[in-house]
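*Asks:* Sequence first, then the predicted structure:
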Amino acid sequence: MSVSTLDTPAPSANTRLTAALPWVAITATLIVLPLLFSSNSMISTLNYLGTMAIFALSYNVLLGQTGLLSLGHGTFFGLGGFIATHAILHMADAGVSFPLPLIPAIGGFGALILGFFGGWLASGRGGMPFAMITLGLAELVYAAAALFPSIYGSEEGVSFDRMDLGASFGMDYGPTVDIYVIIAVWFLICAGVLYYFSKTPLGLLTNAVRDNAERIEFLGFSARRVRMLAYAIAAAVAGVAGSLAALNFEIMTVNEMGATTCMLVLLMTYIGGTKHFFGPVLGAIVIGLMKIWLSDISPAWMMYFGLLFIFVVMVQPAGLAGILMDGIALLRSGSVGAQAPLLGLIGLAGAFALTGTIILIELAYRAGLDATLGPQITVLGLPLSTASVLSWGLGLICAGGGVIAMRPLFDRLATLRHSLSKGETA
Amino acid sequence: MSAEVITFSLLNGTLYGMLLFLLASGLTLIFSMMGVLNFAHASFFMLGAYFGYEISKIVGFFPALILAPVLVGLFGALIERYGLRRVHKFGHLGELLFTIGVAFVIEEAIQMIWGRSPMDYQVPEALNFTAFEIFGTGYPAFRLFMLIMSVAIFAGLALLLTRTRVGLIVKASLTHPEMVSMLGHDVPLVFMSVFGVGSALAGVAGVIGGPILITQPSMAAALGPILFVIVVVGGLGSLTGAFIASLLVGFIQTFAVAIDLSVADVFGLIGITQPPAALGALVSDIWNVSVSQVGPVIPYLLLVVMLIFRPMGLIGKRA
Amino acid sequence: MTHALELRNLKKSFGSVEIIRGVNLDLRQGERHALIGPNGAGKSTLFHLISGRIAPTSGEILFQSQNIAGKPPAEIVRAGLSRSFQITNIFPQMSVLDNLRCAVLWKLGHRYSIFRQTPTLPDVAIECERLLDQLGLTRRAHDTADSLTYPEQRALELGLAVASGANTLLLDEPMAGMNHSETEAALQLIMKVTEGKTLLMVEHDMGVIFEMADRISVLVYGQIIATGTPQEIRANRAVQEAYLGTSEEDAA
């Protein structure tokens, strides 16, 4: 994977230091976060985000690194979670003492084995067939789960008490912050392992399969084998993420491995950016927070997800991480001042388009799904009404005007971006 | 199983299979022509059902049978023209992602407009009678109508593709887009039309399928994966394969529902009525599984078996 | 004299159309052998058959006395026979260095390893450095492959075939689409990097062929109509009738 800021060719003492810098920063952040946000609900949110970040990182092994679009990655998240759940239940029953923080290793290992089998089935071809087959396999597992209530529980799932395995490492795992520690450490382990993996010969070969799966066969390798291995590794890490989710919520339901989870991880990873190692983490944080906060304030939050996703697919395939990297490149080039009018205009047009879209969507939801709540609605501080032509007109003008103004600006932006990337390589 | 059950299952299986083929044919056509797996195809089906419901409330079912698919077709063409064509430069992965986004937004939009609960989309009065009776049980006229519609569209499509100049251009665009464009045909227009027609076919399926399958926001998500199974099992890009696979899945699912048999019953025949307790909970799970419960699993099982023994599909060339 | 590669009555049909109609050809160890013929004669198809991209309908392909007909490409490469492509077939989003790293991983025994980081493998580094130097791409090592100029991409294409360590190379029109001076440079490059290896090459530039080839085979309508030294081919009446008479203007 081309990780432009981290990929330094010749390892000298100096470059090694620069390479280690992001990891030191991440570790420091992980330590500081629970001190800043110490309320129970905030820690809970952090736990959720951490789990999703690991999950998204594992997905990017397929999507970004190997160029494989899996529509069934949630299966391994769920299976990993169920394996962990049953491991805890059985060991608690048998009175075996096993440290809780190591449970995700069991979930991950189980998912790895299942991932080999799934990968063997799915990896014959890449591209569209791969997407369809992974979807089919995910549906198979999901549909079959209903037949085995003793494993997957019925509607209400399988729950357990994480304190049943007893205390270890000086924690009894009652408080949420104990789980935070486990998730943070596992995040570092998983991110480290996956980053290392991306630099190994197999990691390089996954990129080669992404770029040109046919040519790799003429270099002595089997593209199928590479896909299968990548699939299994991604499955293992997803299994770890699923186990951590199980530890966090102390319950696992079949829905955790359904189509919603499969779709969510795709959205997070792609919106975050598949071309940068930490892009998926960014996506997991942004989408995770949107999911938690936006769902409180708007019934339309799923719609915003979908539209954001389409926007990224159509306009910004490098994702949020791409925007961030472009921003850094611009800062480095020192031409921020000269480009300020363009950026300001884009921001203005974007704000208009966004405001208009939000007004329209909120009005539409109020007029349709939530019509019983009456026509009056306050959107972004504006008193609007679904019965008023003025309200709809305002939304249309803002959205339409913003989008129309955006088009020439984006052309200018593309030119700027091009010259920046040229300037960097020269 | 009685002759009655078999006859009705055969009829319903053919019906469901033909309905699936209405969808799978459009999906296959779009896939083999543009290399795009249209993830939103089942969403167009759902739009067809909702449009059909809404329009038939105003002007009646039969005008809606024409109008709703036309609307869905136009909508599909617009999606191709202003969405898909723009992401074409990002490759097939970009296109697939785009259609996933579209499917997501359509589902949300439908919930936004029509709410989360099922619609009261009823069989039209004119077709709400018993067509014929066999074994003393009536077969509804609407189902017969669905069957005739599906077969007619299938025949029409086959004729269009094999016997007309339009079909010739479409087929040539599949394999030699540059050459077709050199000959003066507007290939992007052909693509847009094929996408539109494919969507319209899905729309027809929605209008006639809506009253039988329940018209609700989850209908696309429920049907979409089955469609992909059909397309893979049939052999990617093969219309004949999709036809066979559609009927196969149609029969499997209807027969599975009709067979009221569980593992326990089978063992009951040889006098074992209780699962051996020593084998644990998993076995007792399996013990209680009935064929109708397994029904939803079978298409996916078929997919896996196919992948192991015949990865190119029923009718398909090795990639 | 041992043969590096031997084709025996090789045939390939697509449906009812027979494209390769019983080809017999032998490649001597260490020779530079050119394959020429008019468009549509089946040269590329023949390359696809030998390299395993498509399977022959019948016949044998003996590589070092072992029949490789119908084997997958990866096995054929591992046996020591690699190829380049007429249409540039590289890894566009990866750096030049990473392109070459992929190509040398198998022969150096690292295969699908996940236990070491590629940049820290000394043998890979040394081999890639040597290749970059040979190909004249050292300066471009860290640029992505799709940012290279066309002749540079062709050099990388050739480099991938050479890097896999094969002793026998199939080069499919390595000079395709190059102007005169670029062709001259490419020829020098090919001579340099294939030193001591057996070479089978399809090429349209007659000047290049008669300058470098030890022997030439002429493929017309799926059959070899003549094999011999450049002088012999030049003098061969059948060849002149079938090919050179019409094609010299195209080649110029």
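*Replies:* Great, that's in hand. Residues are numbered from 1 along each chain as shown, chains lettered A, B, ... in the order given.
*Asks:* can you map out the strands along the stretch 201-350 of chain A?
*Replies:* A:251-252 (DSSP state E, counting those that start in this stretch).
*Asks:* which bits of it sit near chain C?
*Replies:* Proximity of the stretch 201-350 of chain A to chain C, by C-beta under 8 Å from any C-beta of the partner chain, involves residues A:201-205, A:207-208, A:210-212, A:214-222, A:225-226, A:229. For the C-beta atoms, the positions are set from N, CA and C on the backbone; glycine is no exception.
*Asks:* Can you turn the buried part of those residues into a ChimeraX selection?
*Replies:* Restricted to buried positions by 16 or more other C-beta atoms under 10 Å in any protein chain shown, the ChimeraX selection for these reads:
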select /A:201,202,203,204,205,207,208,210,211,212,215,216,217,218,219,220,221,222,225,226,229
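*Asks:* Inside helices: which ones of the residues of the stretch 201-350 of chain A next to chain C?
*Replies:* Applying DSSP state H to these, the entries found in helices are A:201-205, A:207-208, A:210-212, A:214-217, A:225-226, A:229.
*Asks:* Contacts only, for residue A:63.
*Replies:* A:69, A:70, A:266, A:269, A:270, A:274 (C-beta atoms under 8 Å, 6 or more residues apart in numbering or on different chains).
*Asks:* Closest to residue A:107 out of those residues?
*Replies:* residue A:70 (18.6 Å; C-beta to C-beta).
*Asks:* gap between that closest one and chain B?
*Replies:* Look at residue A:70 and chain B: by C-beta to the nearest C-beta, to the nearest Å, they are 12 Å apart.
*Asks:* what about that residue, which SS state?
*Replies:* Using DSSP: H, G, I helix; E, B strand; the rest coil, the structure places residue A:70 in coil.
*Asks:* Closest to residue C:238 out of the contacts of residue A:63?
*Replies:* Proximity of the contacts of residue A:63 to residue C:238 (C-beta to C-beta) peaks at residue A:69, which lies at 53.8 Å.
*Asks:* pLDDT below threshold where in the chain?
*Replies:* Defaulting to chain A. For chain A, the stretches with pLDDT under 70 are A:1-13, A:422-426.
*Asks:* meant chain C actually
*Replies:* Ranges of chain C meeting pLDDT under 70: C:1, C:243-252.
*Asks:* Let's see that with 50 instead.
*Replies:* Where chain C drops to pLDDT under 50, the residues are C:247-252.
*Asks:* Show me the helices in it, by range?
*Replies:* Under DSSP H, chain C gives helices at C:43-51, C:73-79, C:96-105, C:122-135, C:150-163, C:180-193, C:206-212, C:230-235, C:237-239, C:245-251.
*Asks:* tell me the contacts of the residue of the stretch 51-200 of chain B found nearest chain C?
*Replies:* Across the stretch 51-200 of chain B, the shortest distance to chain C (C-beta to the nearest C-beta) belongs to residue B:91, at 11.5 Å. Neighbour list for residue B:91: empty [criterion: C-beta under 8 Å, 6+ apart].
*Asks:* right, and the helix or strand after the helix or strand that contains it?
*Replies:* Per DSSP states H and E: residue B:91 is located in helix B:91-114. Next helix or strand after helix B:91-114 toward the C-terminus (DSSP H and E): strand B:130-134.
*Asks:* Partner strands of the helix or strand following that next one and their direction?
*Replies:* Following strand B:130-134 in sequence order, the next helix or strand is strand B:137-140 (DSSP H and E). Strands that pair with strand B:137-140, judged by DSSP bridges, come out as strand B:130-134 (antiparallel).
*Asks:* from the middle of its chain, how far away would the partner strand be?
*Replies:* Relative to the centre of its chain, strand B:130-134 is centred 26 Å away, using C-alpha atoms, centre = their mean, to the nearest Å.
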